[in-house]
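1. sequence first, predicted coordinates after that:
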Amino acid sequence: MKIKNASENKKDSIGPDIWLAGDPEDLTKWMDKGVKGIVTNTVVLKEMTENTDQL
């Protein structure tokens with residue numbers, strides 16, 4: 001997959017890409033709905049560490 005700028009992406013896409021944030025285990029049921037991917041940021045990592053005691 002090539003990283004594109006906004007103009008190139010508009011040629012291939014009819015709308016904005018949808019990214020989900022959260023624990024990948026909790027998001028698997030949504031992944032076949034056309035989402036682009038999963039965002040993991042410091043808030044998500046903190047929650048995952050608190051829930052599992054590891055990263």
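-> Received, thanks. Residues are numbered from 1 along each chain as shown.

2. which parts of the helix of greatest length in the chain are buried?
-> What stands out as the longest helix in the chain, according to DSSP state H, is helix 42-52. For helix 42-52, the neighbour count (16 or more other C-beta atoms under 10 Å) marks residue 48 as buried. The way it works is simple: take the backbone N, C-alpha and C, and place the C-beta from them, glycine included.

3. strands along this protein, start to end?
-> Along the chain, counting by DSSP state E, strands occupy 19-21, 37-39.

4. select, out of these, the one closest to residue 47.
-> strand 19-21 (10.3 Å; C-beta to C-beta).

5. which helices and strands does the closest one pack with?
-> strand 37-39 (3 or more C-beta pairs under 8 Å, 6 or more residues apart in numbering; DSSP states H and E).

6. low-confidence ranges, the protein, go.
-> Where the chain drops to pLDDT under 70, the residues are 1-7, 9-10, 13-15, 54-55.

7. what pairs with the most centrally placed residue in the chain across the strands?
-> Nearest to the mean C-alpha position of the chain, by C-alpha atoms, centre = their mean, lies residue 38 at 1.8 Å. Judged by DSSP bridges, the bridge partners of residue 38 are residue 20.

8. how far away is it from residue 50?
-> 18 Å (C-beta to C-beta, to the nearest Å).

9. just how off-centre is the longest helix of the chain within its chain?
-> Offset of helix 42-52 from its chain centre (C-alpha atoms, centre = their mean, to the nearest Å): 16 Å.

10. and stretch 17-35, by the same measure?
-> Taking mean C-alpha positions (C-alpha atoms, centre = their mean), stretch 17-35 and its chain are 6 Å apart.
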